[in-house]
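**Q** model this:
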Amino acid sequence: MAELLSLEEAVGRLVRDGDTVALEGFTHLIPVAAGQEIIRQGRRGLTLVRMTPDIVYDQLIGAGCASKLIFSWGGNPGVGSLHRFRDAVQHDWPVPLEIEEHSHAGMANRYVAGASGLPFAVLRGYTGTDLPAQTDTIKPITCPFTGERLTAVPALNPDVTIVHAQRADRAGNVQMWGITGVQKEAVLAAKRSLVTVEEIVDELEPRVGAVILPSWVVTAVAEVPGGAKPSYAAGYYERDNSAYQAWDEVGRDREEFTKWLNELTGVTA
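**A** Residues are numbered from 1 along each chain as shown. Predicted coordinates for the structure are as follows:
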């Protein structure tokens, strides 16, 4: 059953050096505050997993938290590159970063396999691409029934998955709505999970189309109003496009990034 914890306590308990950590959320409900708390707590050697790493992953990589990234597409959406990501891959700054690239479909199917207790997933999506030649975790497989040549990818089972949602009740049941991606599957695939929420309420109101994560599949819930900013949370606040634009200037320069990092972590020059 989920525990109700502060964000600081939840990250301190659940995220450990060397862990495989997934922070998921598609377009909105991105767990930015949790990612920044990982930075504050100085975690190192993480394998970060995300279907579409954006600026919070740029921040984690630039802060030296990550040694590997498993992903499909990475960028500052609507703006351009992730400069701390690029600097780590091209120049090993601040530490070298290994990358493992998949398609969106491949990543989604890997989470589904992990959530289903299966060792791998099978799909057609890599046919005609050069990703199998670049990524060791994409392998050909022959269908035993039709002889069709398909592709297998291993299950993803993060040590900890972190997602953001709109609400949870005091028993730790979570409710989210709007555009959702693979949050449910990523939580079910993980050994431990943290859900940050806009608010904790006495009772969840029925809502058409909402995704419910029952308390028994969640390790901890933390109330973090605004925890998805600058992404948006349907029903609570809109996307802050100016913040994404501003990050481009911060992220592209090591000195400017270091100033931002020192402000986040409370380090004085």
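**Q** rest of the way, CA atoms for contacts and neighbours
**A** Fine.
**Q** so Ala34, which of the three states?
**A** Look at Ala34: counting by DSSP: H, G, I helix; E, B strand; the rest coil, its state is helix.
**Q** I figured it hits Gly227, correct?
**A** Yes - using Cα atoms under 8 Å, Ala34 is in contact with Gly227, at 7.3 Å.
**Q** For the helix or strand in which Phe257 is found, name the packing helices and strands.
**A** For Phe257, the host element (DSSP states H and E) is helix 254-265. When contacts are defined as 3 or more Cα pairs under 8 Å, 6 or more residues apart in numbering; DSSP states H and E, helix 254-265 sits against helix 32-40, helix 241-251.
**Q** Looking at those, which is nearest to Gly172?
**A** Gly172 sits nearest to helix 32-40 of all those, at 17.5 Å, using Cα to Cα.
**Q** And the closest one, how far out from the chain middle?
**A** Centre-to-centre, helix 32-40 and its host chain are 11 Å apart (Cα atoms, centre = their mean, to the nearest Å).
**Q** From the rest of the structure, what touches it?
**A** 7-8, 11, 15, 23, 56-57, 59-60, 63, 65, 162, 196, 224, 226-230, 264-265 (Cα atoms under 8 Å, 6 or more residues apart in numbering).
**Q** Could you tell me the angle between it and helix 254-265?
**A** For helix 32-40 against helix 254-265, the angle by axes from the mean of the first three to the mean of the last three Cα atoms, to 10 degrees is 100 degrees.
**Q** Using CSV, write out every CA atom in helix 32-40.
**A** Taking Å, rounded to 0.1, in the frame of the first residue of the first chain, the C-alpha atoms of helix 32-40 are listed here in CSV:
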residue,chain,number,x,y,z
VAL,A,32,9.9,17.8,-13.2
ALA,A,33,9.9,18.5,-9.4
ALA,A,34,10.9,14.9,-8.6
GLY,A,35,13.7,15.0,-11.2
GLN,A,36,15.0,18.2,-9.6
GLU,A,37,14.8,16.6,-6.2
ILE,A,38,17.0,13.8,-7.5
ILE,A,39,19.5,16.4,-8.5
ARG,A,40,19.4,18.1,-5.1
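**Q** so is Gln175 in a helix, a strand, or just coil?
**A** Assigned with three-state DSSP, Gln175 falls in the strand class.
**Q** residues contacting it?
**A** Ala165, Gln166, Arg167, Ala168, Leu204, Ala210, Val211, Ile212, Leu213.
**Q** Asn109 versus the nearest residue to it once chain neighbours are set aside, what's the distance?
**A** Leaving out its chain neighbours, the residue that sits closest to Gln175 by Cα to Cα, 6 or more residues apart in numbering is Ile212, at 4.7 Å. Distance, Ile212 to Asn109, using Cα to Cα, to the nearest Å: 20 Å.
**Q** How about Ala88?
**A** Taking Cα to Cα, one finds Ala88 at 28 Å from Asn109.
**Q** What segments of the protein are strands?
**A** For the chain, applying DSSP state E gives strands covering 3-4, 20-24, 46-50, 66-71, 98-101, 120-123, 139-142, 149-154, 160-169, 174-176, 192-201, 211-213, 220-223.
**Q** coming back round to it: neighbour count: Ile212 and Asn109, which is higher?
**A** More crowded of Ile212 and Asn109, by other Cα atoms under 10 Å: Asn109, with 23 against 17.
**Q** Look up how far Phe145 lies from the closest residue in space to the more buried one that isn't next to it in sequence.
**A** Leaving aside its chain neighbours, Asn109 sits nearest to Ala121 (5.9 Å; criterion: Cα to Cα, 6+ apart). Counting by Cα to Cα, the gap from Ala121 to Phe145 is 16 Å.
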